[in-house]
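Peer 1: Sequence and predicted structure are below.
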There are 2 protein chains.
Amino acid sequence: MSKRATAREVAEQAGVSKWTVIRAFTPGASIAESSRVKVMAVAEKLNYRPNLLARSLATNLTHQVAVLVDDFENPYKLSFLERLTLELQSEGLVAVLININEHFDHVHALLNADQRQLDAVIMCGTAFRTEMLQDVRLDGAAPIFVLARDSQIPGVPAINCDTTLAIKDLCRHLHGKGYRRPGFMAGPKTLSTALGRRRAFKAFWKAQGIAEMPELAAHHYSAASGAEAVRRYLNEVPPAGRIDVLLCENDVLAFGAMDVIRSEFGLKVPADIAVAGFDNTLFAAAPAYDLTTYEQPVEAMVKATVAMILGREPKKTVILPGRLVVRGSA
Amino acid sequence: MSKRATAREVAEQAGVSKWTVIRAFTPGASIAESSRVKVMAVAEKLNYRPNLLARSLATNLTHQVAVLVDDFENPYKLSFLERLTLELQSEGLVAVLININEHFDHVHALLNADQRQLDAVIMCGTAFRTEMLQDVRLDGAAPIFVLARDSQIPGVPAINCDTTLAIKDLCRHLHGKGYRRPGFMAGPKTLSTALGRRRAFKAFWKAQGIAEMPELAAHHYSAASGAEAVRRYLNEVPPAGRIDVLLCENDVLAFGAMDVIRSEFGLKVPADIAVAGFDNTLFAAAPAYDLTTYEQPVEAMVKATVAMILGREPKKTVILPGRLVVRGSA
DNA sequence: AGACTTTTTGCTACCGGTAGCAAAGCATGC
DNA sequence: GCATGCTTTGCTACCGGTAGCAAAAAGTCT
């Protein structure tokens, strides 16, 4: 009794061929209303539903999309996943969540996605190295999209927030507030996204006639790394020579930085050192942090990605503007 | 050129039958070393890899597991997802992430998972109502597991932290610290998990001769709801009659509560009102909150779940002990 | 009623694998 | 040289659908 009913079984009981059963379940198929009703009654009785696996094999479409994630320390990723799954599901697609790590890297994940015949691959991570992808031969494989990050790979479109504009907006705000000794906290150096943000940051302040810009390096995108970087800086630099504002590459780094600035050094944010972040994580709004930050247009980015996956929009890199969120920390 | 190579094509080029090609890719299959080498060379040349979709259709095993999530506001869910995907992937399984919401409820998700022939369903959510499942007829469908929550459904095992023990541990700690006017903040009332926690809380304090225990009701498991609940309470109750410690059903509620207690009412935590949570979210350790909380044994829970999915362990409800994490907030 | 059109139904071939049987290939013992 | 047993290979049937053609049934017109 435990086996699923198939179209053939329904057909037998309804006294039609299995193709008529299939047609009853295919919207727009040519079938007489009378036999549709008859088939549906039997299908209901036998609890029949079409096997999507078999359909996928025949149509070469799985309606599944791989989502590669490597950064589970950033709560921001959760809202991304929420929006993304929501948007995919509303289009009849489903997300296959793949955790990228030392044991299962991007190449593995792509080959796996390919073998599973997934319709598309969304790379939604931070730490991956695009060079790795050059070596993979994926002839008839699923199209790849890079979400919330730049893409260096030819033919692989990126869907990203306009970070140059974002950094400029943030810096303009900070400059307007009167800060003149800016510092920048960057994540892992090898990443191109980080490079772009840093470049924009330096360019802005140079244009304001400010050349000195300490750079605090965080090894990972985690609060602990942000904390460590700012701890090192504050231990090295005496109060007189310190920065008066710190722009962090993302909110999580900023949280770690604020924790150390306040708890370990007894300094005030923003009075002694102002702090700004990037992402507008859930916690950024909490009074405990009250972080000035920049919000990525998550919904628009996700919609653009899904539109490309569905072929509604041409596959090409899209850069969307975000929104400056001013709060008390800077 | 863009189509994927199939076993048949490899077979033709290698001068063998397609079954020999398949055997070359099947560990432990009976095949001569010489032909294995020959096949592999051609496969490499044509960039052939077996089509897992076709395999799934034939074997009735997809090696995919549905993970239903409905609570994307809790950063804790992210660490759960990380561990879960890691564990699944290490066993050759993959997680299909399904976002449960008003438009796509559990019944939809289960039917969808069934049609996609997924091997198992993990319900990893908070707000779903188990009653809904009673109506679904899933004859030969995938086994369902409830993770990090109780299960009321007969035949559906739960893998959960021992919340009764947890609440007792937490309360014992709070009592030991001298608190005598406890309050409890509960999430949505209809949920059985919430009921269990509340019951354990009341039982403990009653045993200590304390009968008065205000209950602050949060409508969702979100910081905003936690904030709102505590705001309402503090506005209603004059300082003299207030609780001296608040145990929240999860960390996120506790964060919201602390925000309001400190920022809106200028009270000190723990001096005026101590606060404790549940989950040990990433942010619980941050100096800004420094939250006393209880850590669920995520890794053990996830391992137990996957072991049952793989059939290594009998499918039955498992309750695992967690760990009290004492910090400054209580 | 017969010719013609349109709708409905059944069919073959296929998607790319798996399962397990039967035949072929090969080495060994007598 | 031949029976014997093991390894290797090829085969048919199948998993549960889709695609599109051909035949059958129903409807329309004169």
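Peer 2: Sure thing, it's come through.

Peer 1: Quick check: residues of the stretch 201-330 of chain A near chain B?
Peer 2: Residues of the stretch 201-330 of chain A lying close to chain B by C-beta under 8 Å from any C-beta of the partner chain are A:223, A:255, A:258-259, A:262-263, A:282-283, A:286-289. To be clear about C-beta, it is placed using only N, CA and C from the backbone, and glycine gets the same treatment.

Peer 1: who does the helix or strand containing A:L170 touch, helix- and strand-wise?
Peer 2: Following DSSP states H and E, one finds A:L170 within helix A:163-176. Contacting helix A:163-176 under the criterion 3 or more C-beta pairs under 8 Å, 6 or more residues apart in numbering or on different chains; DSSP states H and E are the following elements: helix A:192-207, strand A:245-248, strand A:274-276, strand A:293-295, strand A:323-325.

Peer 1: what's downstream of that helix, the next helix or strand?
Peer 2: Toward the C-terminus from helix A:163-176 - assigned by DSSP H and E - lies strand A:182-186.

Peer 1: returning to that earlier point: CA atoms only: put the helix holding A:L170 into PDB for me.
Peer 2: C-alpha atoms of helix A:163-176 as PDB (Å, rounded to 0.1, in the frame of the first residue of the first chain):
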ATOM      1  CA  THR A 163      29.300  49.500  -4.000                       C
ATOM      2  CA  THR A 164      31.200  52.400  -5.400                       C
ATOM      3  CA  LEU A 165      28.200  54.600  -5.200                       C
ATOM      4  CA  ALA A 166      27.400  53.100  -1.700                       C
ATOM      5  CA  ILE A 167      30.900  53.900  -0.300                       C
ATOM      6  CA  LYS A 168      30.700  57.400  -1.800                       C
ATOM      7  CA  ASP A 169      27.300  58.000  -0.200                       C
ATOM      8  CA  LEU A 170      28.600  56.700   3.100                       C
ATOM      9  CA  CYS A 171      31.700  58.700   3.000                       C
ATOM     10  CA  ARG A 172      29.900  61.900   1.900                       C
ATOM     11  CA  HIS A 173      27.700  61.500   5.000                       C
ATOM     12  CA  LEU A 174      30.700  60.900   7.200                       C
ATOM     13  CA  HIS A 175      32.500  63.900   5.700                       C
ATOM     14  CA  GLY A 176      29.400  66.000   6.200                       C
END
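
Peer 1: and the stretch 51-200 of chain A, which of its residues are near DNA strand D?
Peer 2: A:51, A:54-55, A:57-59 (C-beta under 7 Å from any atom of the strand).

Peer 1: Now list the buried members of those.
Peer 2: Among these, those scoring as buried are A:51, A:54-55, A:57 (criterion: 16 or more other C-beta atoms under 10 Å in any protein chain shown).

Peer 1: Quick check, A:K177 in contact with A:G328.
Peer 2: No: with contact defined as C-beta atoms under 8 Å, A:K177 does not reach A:G328; the gap is 11.3 Å.

Peer 1: Looking at the two now, which is surrounded by more residues?
Peer 2: More crowded of A:K177 and A:G328, by other C-beta atoms under 10 Å in any protein chain shown: A:K177, with 15 against 12.

Peer 1: Quick check: chain neighbours aside, which residue is closest to the more buried one?
Peer 2: Nearest residue to A:K177 in three dimensions, chain neighbours excluded: A:A330, at 6.8 Å (C-beta to C-beta, 6 or more residues apart in numbering or on different chains).

Peer 1: Show the end-to-end separation of stretch A:217-225, please.
Peer 2: End-to-end distance for stretch A:217-225: 9 Å, by C-alpha to C-alpha, to the nearest Å.

Peer 1: Can you tell me what sits against that stretch?
Peer 2: With contact meaning C-beta atoms under 8 Å, 6 or more residues apart in numbering or on different chains, stretch A:217-225 is reached by A:71, A:73-74, A:126-127, A:185-189, A:226, A:228-229, A:249-250, A:252-253, A:255-256, A:259, B:282, B:286.

Peer 1: for it, which positions count as buried?
Peer 2: In stretch A:217-225, counting by 16+ other C-beta under 10 Å, buried: A:217-218, A:220-225.

Peer 1: Taking helix A:192-207 as reference, get the angle to the helix holding A:L170.
Peer 2: Put simply, helix A:163-176 runs at 40 degrees to helix A:192-207, going by axes from the mean of the first three to the mean of the last three C-alpha atoms, to 10 degrees.

Peer 1: Pull the distance from helix A:163-176 to the chain's centre.
Peer 2: 22 Å (C-alpha atoms, centre = their mean, to the nearest Å).

Peer 1: what stretches of the stretch 1-150 of chain A score poorly on pLDDT?
Peer 2: Along the stretch 1-150 of chain A, the model assigns pLDDT under 70 to residues A:1-2, A:135, A:137-140.

Peer 1: Sort the residues of the stretch 201-330 of chain A next to chain B by pLDDT and name the bottom one.
Peer 2: Within these, A:L282 has the lowest pLDDT, namely 89.

Peer 1: That one touches A:S79, doesn't it?
Peer 2: Yes: taking C-beta under 8 Å as the definition, A:L282 is a contact partner of A:S79 at 7.1 Å.

Peer 1: And those two? Which one has more around it.
Peer 2: A:L282 (22 against 19).

Peer 1: Grab the nearest non-local neighbour of that one.
Peer 2: Spatially, and ignoring its direct neighbours in sequence, A:L282 is nearest to A:P75 (5.8 Å; C-beta to C-beta, 6+ apart).

Peer 1: Quick check: that neighbour touching A:T281?
Peer 2: Yes: using C-beta under 8 Å, A:P75 is in contact with A:T281, at 5.2 Å.

Peer 1: which neighbours do the two share?
Peer 2: Common neighbours of A:P75 and A:T281 (C-beta under 8 Å, 6+ apart) are A:V252.
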